[in-house]
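Engineer: next comes the sequence, and after it the predicted model I'd like to discuss.
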Amino acid sequence: MSVAEAQPMLSESQASELIGRLFGWTVSKIRPLPSYYDQNFHVVVSEGGEYVLKITNFVLSQNLDTYEVENHTMAFMHQHGLPVQTVLPMLTGTMMSLENIDCGSGSQKYLVRLLTYLPGTTISTVPCSPLTLYQVGRIAATMDTILQRMEHPKLSALQRENNLWDLGNVHLLEPYLPALEGEEENRVVKDIMNMFKTQVLPNMSSFHKCIIHGDFSDHNILVEPDDVIGYRISGILDFAEISSGYYVLELAISIMYMMTESRSPLEIGGAVLAGFESVFPLNEAERDALYVLVLVRFCQSLVLAHYSVTLYPENKEYLMVSAGKGVGHLFMLWKMGKEVVLRKWVEDAREYSETGSDDRADVLHGSSSVMQAIPTRL
C-alpha cells in the first residue's frame, strides 16, 4: 500500500480519547487541521494550553528511527533560536507512541505525537514584500547551516532513497504520470525529467551536502505583521520531509513554493536567492541547476497532487492547493527557458544585494532572534 492510501481518518472523539489517555488532559476544543498524508488536530485542553495532535499514516509510522530524528531536530532548532514546534512528553515520559486505532476499515498502528502550537498566519495568505522574500531565503539557508552542527546516532535514517518528494528522485514520478489530465502536462513533465537527467544529475557531486527541511513551503511558514518589512517570519512548521540533501535543493523548494501564490512569479526568485546567498553562496554548478530544480519541484507537486486526488477526491481542495495554481507558472517558466529565467533571478539577486544592504541588515538583524541565530558558513 502507498503512503497516500494509508492516511488516518480518526474522529474527533478518538483524537480526544488519545489526549486523555496519553497525556492526562481533558479536551475542551478540537478542530481538524489540513494535512497531506497524515492527520492533524488543533487541540485546546481544559488544563490550559493549545497543541497540535499529529497522527502519522500507518505506512510511514513504521519508520520510528526517522521520527526519533525528526523530534530531535525540532528540539535542536528550537535550542538554536528558530521558531519551530517541539514534541511534548507523554505520561510515560516517551515522546511518541504507536497506537492501534480502527478508522473504520480495521485496526492499524499509527504513530501519535503532540506538538506545541505556533500561532500566526501562513505566508501563503499575505502579500510578500521583497524584504519578506529575502527573509525566506535567509532562514532557509540558516536552517540548513545550523543543522550541519546536529549530531544523533540515527542520522542515517535521513537517507531516504525512495522518497517521492526528494528532488533527486524525479524519475520515481513515472508510474504516477497517468494521473495527469492532459497530454501537454505529460509532455512537459517528461521533458523536464529528461532535462534533470542530462543537465543536473551529472553535476550533483559538486553540490554542497547538508540536512534539509525539504518542505519549506508557503503553508509551512508562519508570519506576523511587521511595520518595516510587512511581515516577519514567526514560525516554521512540519519537518516530516527532513532528509539528507543539498543546500541548493532547499533553495529551489523555497523559490517554487513562494512563487505559487504570486501574481508576478518571475519576480520571486531574485529576492529569495539573495537572502539565501547572504548565508550560503552557491557555487557555479549549484546556480546552473537552480532553474531545473525549481521546475522539478513544480512537477512533483503537480503529479503527486493529481494522484492523491484519485485516492481522496473529497480532499481535492487541499491536495491541489499548490499544484492547481502552480501549473500555469510551470508552463510559463518552461516556455521562457533556462537562460532567460536564470539570468533574471541572478541579476535581480545581485541588484537586490547591492542596493540598500545596510538598511536591510538593520531590519533583519536588529530585532529578530531568528536572524541573530544565523551562524557563519561552516
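Structural biologist: That came through, no problem.
Engineer: which element, helix or strand, includes V112?
Structural biologist: When elements are defined using DSSP states H and E, V112 is found to belong to strand 107-116.
Engineer: what helices or strands is that strand leaning on?
Structural biologist: When contacts are defined as 3 or more C-beta pairs under 8 Å, 6 or more residues apart in numbering; DSSP states H and E, strand 107-116 packs onto helix 12-23, strand 50-56, helix 64-79, strand 97-102. Where C-beta positions appear, they are placed from N, C-alpha and C, glycine not excepted.
Engineer: for the record, mean pLDDT for the last one?
Structural biologist: Averaging pLDDT along strand 97-102 gives 93.
Engineer: circling back: out of the helices and strands packed on strand 107-116, the one nearest P130 is which?
Structural biologist: When the helices and strands packed on strand 107-116 are ranked by distance to P130, counting by C-beta to C-beta, first place goes to helix 64-79 at 25.7 Å.
Engineer: got the buried residues for the closest one?
Structural biologist: With burial defined by 16 or more other C-beta atoms under 10 Å, the residues of helix 64-79 counted as buried are T66, Y67, E68, V69, E70, N71, H72, T73, M74, A75, F76, M77.
Engineer: quick one, strands of the stretch 201-350 of the chain?
Structural biologist: Counting by DSSP state E, counting those that start in this stretch, the stretch 201-350 of the chain forms strands over residues 209-212, 221-226, 230-236, 243-246, given from the N-terminal end onward.
Engineer: go ahead and name everything in contact with the third one.
Structural biologist: Read it as strand 230-236. With C-beta atoms under 8 Å, 6 or more residues apart in numbering as the test, strand 230-236 has contacts from 77, 82-85, 118-120, 123, 126-129, 131-132, 135-136, 139, 143, 213, 216, 220-226, 368, 370.
Engineer: let's see 6 Å
Structural biologist: Strand 230-236 has contacts (C-beta atoms under 6 Å, 6 or more residues apart in numbering) with 83-84, 118, 120, 126, 129, 132, 135, 139, 221-224, 226.
Engineer: list just the nearest of those to L282.
Structural biologist: Among the contacts of strand 230-236, I139 lies closest to L282 (C-beta to C-beta), at 16.6 Å.
Engineer: and S124, helix, strand or coil?
Structural biologist: For S124, the reduced secondary structure class is helix; criterion used: DSSP: H, G, I helix; E, B strand; the rest coil.
Engineer: touching, it and E261? I think so.
Structural biologist: Yes. Contact between S124 and E261 holds when scored by C-beta atoms under 6 Å: they sit 5.2 Å apart.
Engineer: who has more neighbours, these two?
Structural biologist: In this view S124 and E261 are compared by other C-beta atoms under 10 Å, and E261 has more residues nearby, 22 against 19.
Engineer: all set now, cheers.
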